[in-house]
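Visitor: pasting a predicted model and its sequence here:
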Amino acid sequence: FVYIPVAALRAPCIPPSSRIFKIVSEVIIKKRNVVIRFTLSLFTILIMQNLVILGSTGSIGTSTLDVVARHPGKFRAVALTANCQTDLLFRQCVQFKPRYAVLLDEDAATQLRQRVREAGLAIEVLSGAAALEQVSVLPEADTVMAAIVGAAGLRPTLAAARAGKKILLANKRSEEHTSE
């Protein structure tokens, strides 16, 4: 039996999965022949990455969710956000069952909230720019995919960075902005 203190899992600015890997690696080195089976199962269970996807209804966001769907044991969407695409965000909520869904547009959020309630989903629907920042710093989130177009993604991405989250940035038109 191996005891791993919970306080060791709470080091600041390191995603939970990284902390688990480091601790499990240390246990394997120290107790290789005794706990190898235990550590491998612990590593497999705790390595899952919890994602916040800013802009889940755009092309980059949907591609990210495609990866999540193909690897359900490795990734979990804890929050999905969009500007105003209620129908697509609702379908994503049904499929991925995040803890939070955020829409910038309040009227769209009201519509989504009603549909989520009618579907019996346990998803909290939030709205506005402050809600984007709120989900970007969720304690359970390891990684934030910043796939929002323009300046709207800047504040939540900075908030995530300050909170020590792993940030994934995507820009499909970066070649248009290169210097000559």
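Guide: All right, it came through fine.
Visitor: for the strand ranked longest in the chain, which strands pair with it and how are they oriented?
Guide: In the chain, with assignment by DSSP state E, the single longest strand is strand 75-82. Here strand 75-82 is paired, per DSSP bridges, with strand 49-54 (parallel), strand 100-103 (parallel).
Visitor: mind putting the ones you listed in CSV, distance to L88 included?
Guide: C-beta here means a position set from N, CA and C on the backbone, and glycine is covered the same way. Below are those laid out as CSV (distance: least, Cβ to Cβ, whole Å):
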stretch, distance to L88
strand 49-54, 12
strand 100-103, 11
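Visitor: as a markdown table, those strands with mean pLDDT would be great.
Guide: Below are the strands paired with strand 75-82 laid out as a markdown table (pLDDT from 0 to 100):
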| stretch | mean pLDDT |
| --- | --- |
| strand 49-54 | 95 |
| strand 100-103 | 98 |
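Visitor: L168 is nearest to which of those?
Guide: Nearest to L168, of all the strands paired with strand 75-82, is strand 49-54, at 8.4 Å by Cβ to Cβ.
Visitor: where does this protein dip in pLDDT?
Guide: 1-47, 171-180 (pLDDT under 70).
Visitor: which residues in it form strands?
Guide: Using DSSP E, strands in the chain cover 49-54, 75-82, 100-103, 124-127, 143-146, 166-169.
Visitor: excluding residues flanking it in the chain, which one is nearest L126?
Guide: Nearest residue to L126 in three dimensions, chain neighbours excluded: V102, at 4.7 Å (Cβ to Cβ, 6 or more residues apart in numbering).
Visitor: my read: the one you found touches S136, true?
Guide: No. Checked against Cβ atoms under 8 Å, the pair V102 and S136 is beyond contact range at 9.7 Å.
Visitor: between these two, point out the one with more neighbours.
Guide: Shown here are V102 and S136; by other Cβ atoms under 10 Å, V102 has more neighbours (30 against 27).
Visitor: dig out what that one forms beta bridges with.
Guide: Bridge pairing for V102 - DSSP bridges - gives T81, L126.
Visitor: start at 23 instead
Guide: That works, and once the first residue is 23, the last one we named lands at V124.
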